[in-house]
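1. Predicted model and sequence follow; I will ask about them next.
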Amino acid sequence: MNAENRSRTSRAAAGASAVVLLLLTGCDVPGVYRPARPATGGPFTFYVSRDGDDENDGMSPAAAWRTLDHANTVRFQPGDRLRLKGGERFAGSITLDEDEAGSATKPVVIESYGSGRATIAPRGTSGITVRDTAGVEVRNIALVGDRKSRREGVGIALRNNLPGTRRLSHVRITNVEASGFQNGISVGAEGEARAGFGDVRIADVSVHDNLETGLVVYGPAFQAARPAYAHSGLRIEGVKAYANTGDPESDQRNTGSGISLGSVLDAKVVGSVAHDNGTRSATDAEEGPEGIWVYDSSRVVLEHNRSYRNRTGSRVDGGGFGLDNNVSSSVMQYNLAHGNDGPGFLVYSGQPTGAHHDNVVRFNMSWDDARKLPEYGGIVAYGTRMKNLDIHHNTVVMRTEGLASAAAAGIRPPALRLRDGMVGVRVANNVFATDGGPLIDTQSAYGQSTVRLAGNDYYSTGDWALEWGVHRYTSLDGWRVASGQETLDGGPTGLSDDPCLSGLTAPVTDGAAGPENLAPRCEGLVPLGVDPRALGIDPGPVDYFGHPVPQTPVVGAVQPGATD
């Protein structure tokens with residue numbers, strides 16, 4: 001309930017004598033406010049319908065209220081429900097404030113009833129705002145913003161402005177659609193708050209056609225000397241974030257991402273899709289959007305997601321997945337990226353904090369990424385004071401077909417691009433495949449203490465090429481001898497065999513995620529890699545398709561048995 005409603009409640013208490021007069025005389029007394037909620041009892045279920053009347057008690061579908069404005073006069077208590085009639089559109093918005101909401105066992109629930117979803121259509125504001133409270137569940141609701149909401153509103157906004165470090169616990173958002181806002185769903189810690197929300201579940205949600213981001217989580221500025229994270233215990237599952245255009249007038253920050261997570265600890269994004277975002281992001285911005293990305297966070301897992309056809313208006317970013325500044329102990333695994341303007345998978349640190357460390361990129365697939373920006377590649381890693389990064393068992397395919405004009409002029413994106421600033425990088429058992437473009441492009445000729453490569457398959461259907469610092473190599477043997485890479489226990493590793501990808505023509509379309517499209521397909525055997533444990537790499541339990549990883553794995557994201 002907003003400040004205006006709180007003041008109205010106070011006026012009601014002050015006017016108790018007038019209420020008594022009304023009851024005794026039957027006369028209308030102007031200015032008397034009657035609280036919508038009964039004075040005692042509960043929890044209650046309140047109904048709102050276009051056929052209702054705000055003079056009703058709201059306690060049943062037959063006695064429903066008519067407007068959200070009237071529903072907003074309620075101070076909701078643990079276990080209360082606000083139910084909007086399905087298939088109907090309600091102008092206005094709903095706000096829950098600090099003195100409202102519930103708990104994990106008795107949440108306040110906002111949902112539809114009857115057939116279909118109810119639609120909340122705010123007038124230049126956010127649709128649902130939860131401020132300085134939690135114990136809230138929002139279910140089966142559509143939120144549609146107007147022109148002003150697209151600049152200033154959020155479909156569902158969760159805000160913690162309370163000073164201190166206590167996270168507000170228990171939020172559930174399920175089966176919700178939010179479009180036409182600045183951000184579809186936003187979870188933030190603001191003002192003096194050092195903490196945000198805990199135990200947050202966002203599932204089966206569609207956030208699309210918003211201006212800046214589909215789903216965004218953020219907190220206070222990161223402090224490397226004392227790392228702290230506003231939010232904890234987030235699970236994001238089955239989210240579809242698409243056509244979030246970006247703001248062409250915003251050149252000071254990135255806009256146009258699908259899912260963006262900042263200041264989170266112990267979070268997972270699973271089974272979600274981000275596509276066709278960033279199409280109108282600013283052309284002169286120093287930062288660009290990504291499909292699904294993380295920053296200023298720790299212990300985050302991105303798995304079993306797809307990110308494709310994401311765009312950038314500028315010459316930066318526009319990729320599928322990213323672990324950005326100050327990310328630690330996090331994993332990108334079992335994901336598919338394809339057809340993005342920028343890299344399929346980006347690991348980046350642009351700040352000299354030393355807080356970007358111990359991250360893993362494994363069992364992912366990147367097909368035909370860096371479509372607009374060939375200065376990236378399929379997998380890209382670089383940054384200041386980044387350490388301990390494992391890149392293993394990924395399949396990366398880069399083809400020139402359909403590349404933008406810069407690539408057609410002779411600039412081809414590599415399957416793997418590495419840049420200076422990192423230490424302790426291990427690259428093992430990946431498939432790097434091109435049709436003549438460079439398999440790897442590095443800024444320097446790294447020693448094994450900085451970057452170590454072993455057991456990878458470097459395959460090209462065109463000329464074999466590898467850019468190693470200022471040198472260009474045309475054979476695996478020549479590069480191995482010159483660099484000291486692709487060796488283990490004094491013997492050679494690595495190969496340049498056909499990884500059985502049907503000449504690199506396996507289709508990747510909007511619906512392609514099954515073995516028939518992405519698994520190796522030929523009569524030969526997929527080449528063996530090295531035992532990753534010999535390099536100190538934990539291979540994880542399963543491959544891209546969930547099949548167990550054998551003791552000596554084959555190269556790439558798909559292990560034997562994936563198509564059985």
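-> Looks like it arrived, so ask away. Numbering: from 1, shown residues only.

2. Could you list the low-pLDDT ranges of the protein?
-> 1-36, 402, 404-409, 502-525, 561-564 (pLDDT under 70).

3. what about residue 241, neighbour count?
-> By other CB atoms under 10 Å, 31 other residues sit near residue 241. Heads up, the C-betas are built off the backbone N, CA and C, glycines and all.

4. So what pairs up with it in the strands?
-> Applying DSSP bridges to residue 241 gives these bridge partners: residue 207, residue 274.

5. check contacts around it.
-> 184, 207-208, 214-215, 257-259, 272-275, 277, 291-292 (CB atoms under 8 Å, 6 or more residues apart in numbering).

6. again, but for residue 118
-> 84-90, 112, 140-142.

7. Emit the ChimeraX select command for whichever of those are buried.
-> Filtering the contacts of residue 118 down to the buried ones (16 or more other CB atoms under 10 Å) takes a single ChimeraX command:
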select :84,85,86,88,90,112,140,141,142
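
8. So which of the contacts of residue 118 are in strands?
-> 84-85, 89-90, 112, 141-142 (DSSP state E).

9. What strand or helix carries the closest residue to residue 265 other than its chain neighbours?
-> In space, and not counting its chain neighbours, residue 265 is closest to residue 229: 3.9 Å by CB to CB, 6 or more residues apart in numbering. Taking DSSP states H and E as the definition, one finds residue 229 inside no helix or strand.

10. burial of residue 229, as a residue count?
-> Burial measure for residue 229: 24 neighbouring residues, criterion other CB under 10 Å.

11. again with residue 174
-> Residue 174, neighbours per other CB under 10 Å, totals 17.

12. for residue 470, same thing?
-> Residue 470 has 9 neighbouring residues, counting by other CB under 10 Å.

13. check contacts around it.
-> Contact analysis of residue 470 by CB under 8 Å, 6+ apart lists residue 445.

14. before we move on, what about residue 110?
-> 81-82, 84, 94, 128, 136-139, 141.

15. hmm, 6 Å instead?
-> Taking CB atoms under 6 Å, 6 or more residues apart in numbering, we find residue 110 in contact with 82, 138.

16. Likewise for the one 10 residues further on?
-> Neighbouring residues of residue 120 by CB under 6 Å, 6+ apart: 90, 127, 143.

17. Now tabulate these in JSON lines and tack on distance to residue 330.
-> Compiled in JSON lines, those are given as follows (distance: CB to CB, whole Å):
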{"residue": "90", "distance to residue 330": "40"}
{"residue": "127", "distance to residue 330": "31"}
{"residue": "143", "distance to residue 330": "30"}
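
18. Could you identify the most distant pair in the ones in strands among the contacts of residue 118?
-> The largest distance within the ones in strands among the contacts of residue 118, taken as CB to CB, falls between 85 and 142 and amounts to 12.7 Å.

19. Check what contacts stretch 360-370 and list those residues.
-> Contacts of stretch 360-370 (CB under 6 Å, 6+ apart): 331-340, 343-345, 376-378, 390-397, 399, 413, 508, 540, 543-544, 557.

20. buried sites along stretch 383-402?
-> 383-400.

21. Restricting to C-alpha, output it in PDB.
-> Provided in PDB are the C-alpha atoms of stretch 383-402 (Å, rounded to 0.1, in the frame of the first residue of the first chain):
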ATOM      1  CA  GLY A 383      40.500  -9.200 -18.700                       C
ATOM      2  CA  THR A 384      42.500  -7.600 -16.000                       C
ATOM      3  CA  ARG A 385      43.700  -9.800 -13.100                       C
ATOM      4  CA  MET A 386      41.500 -12.700 -14.100                       C
ATOM      5  CA  LYS A 387      42.700 -16.100 -12.800                       C
ATOM      6  CA  ASN A 388      41.800 -19.800 -12.700                       C
ATOM      7  CA  LEU A 389      39.500 -20.300 -15.600                       C
ATOM      8  CA  ASP A 390      38.600 -23.700 -17.000                       C
ATOM      9  CA  ILE A 391      37.300 -24.000 -20.600                       C
ATOM     10  CA  HIS A 392      36.600 -27.700 -21.500                       C
ATOM     11  CA  HIS A 393      34.400 -30.000 -23.500                       C
ATOM     12  CA  ASN A 394      32.800 -27.300 -25.500                       C
ATOM     13  CA  THR A 395      31.900 -27.500 -29.200                       C
ATOM     14  CA  VAL A 396      32.400 -24.400 -31.200                       C
ATOM     15  CA  VAL A 397      31.600 -24.100 -34.900                       C
ATOM     16  CA  MET A 398      32.400 -20.900 -36.800                       C
ATOM     17  CA  ARG A 399      31.400 -20.500 -40.500                       C
ATOM     18  CA  THR A 400      31.700 -17.600 -42.800                       C
ATOM     19  CA  GLU A 401      28.300 -18.100 -44.400                       C
ATOM     20  CA  GLY A 402      26.100 -15.200 -43.500                       C
END
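
22. all helices of the stretch 401-550 of the chain, in order?
-> Along the stretch 401-550 of the chain, counting by DSSP state H, counting those that start in this stretch, helices occupy 405-408, 476-483, 515-518.

23. and the longest one, how far from the chain's centre?
-> Offset of helix 476-483 from its chain centre (CA atoms, centre = their mean, to the nearest Å): 39 Å.

24. which parts of it are buried?
-> Of the residues in helix 476-483, 476, 479-480, 483 count as buried by neighbour count, 16+ other CB under 10 Å.

25. Among those residues, which pair sits farthest apart?
-> 476 and 483 (10.6 Å).

26. my guess is residue 149 is in a helix, correct?
-> Yes: under DSSP: H, G, I helix; E, B strand; the rest coil, residue 149 sits within a helix.

27. Just give me the neighbour total for it.
-> Counted with other CB under 10 Å, the neighbours of residue 149 add up to 25.

28. how close does it sit to residue 68?
-> 14 Å (CB to CB, to the nearest Å).

29. How about residue 180?
-> Distance, residue 180 to residue 68, using CB to CB: 17 Å.

30. cool, and residue 427?
-> Look at residue 427 and residue 68: by CB to CB, they are 55 Å apart.

31. Tell me which of those two has more neighbours.
-> Ranked by neighbour count (other CB under 10 Å), residue 427 and residue 68 place residue 427 first, with 27 against 21.

32. Does residue 52 lie in a helix or a strand, and which?
-> Applying DSSP H and E, one finds residue 52 in no helix or strand.

33. Help me confirm that it comes into contact with residue 65.
-> Yes: proximity of residue 52 to residue 65 meets the contact threshold set by CB atoms under 6 Å, at 5.0 Å.

34. Looking at those two, which is more packed in?
-> Using other CB under 10 Å as the criterion, residue 52 and residue 65 rank with residue 65 on top: 25 against 19.

35. burial count for residue 144?
-> Here the number of neighbours of residue 144 (other CB under 10 Å) works out to 18.

36. In the sheet, which residues pair with it? Tell me.
-> residue 179.

37. Now do the contacts for it.
-> Residue 144 touches 119, 121, 179-180, counting by CB under 6 Å, 6+ apart.

38. To which secondary structure element is the residue nearest the centre of the chain assigned?
-> Closest residue to the average C-alpha location of the chain: residue 259 at 2.9 Å, with CA atoms, centre = their mean. Assessed by DSSP H and E, residue 259 sits inside strand 257-262.

39. Note down every partner strand of the very next helix or strand once past that strand and its orientation.
-> Next along the chain after strand 257-262, taking DSSP H and E as the criterion, comes strand 264-270. Using DSSP bridges, the strands paired with strand 264-270 in its sheet are strand 231-237 (parallel), strand 298-303 (parallel).
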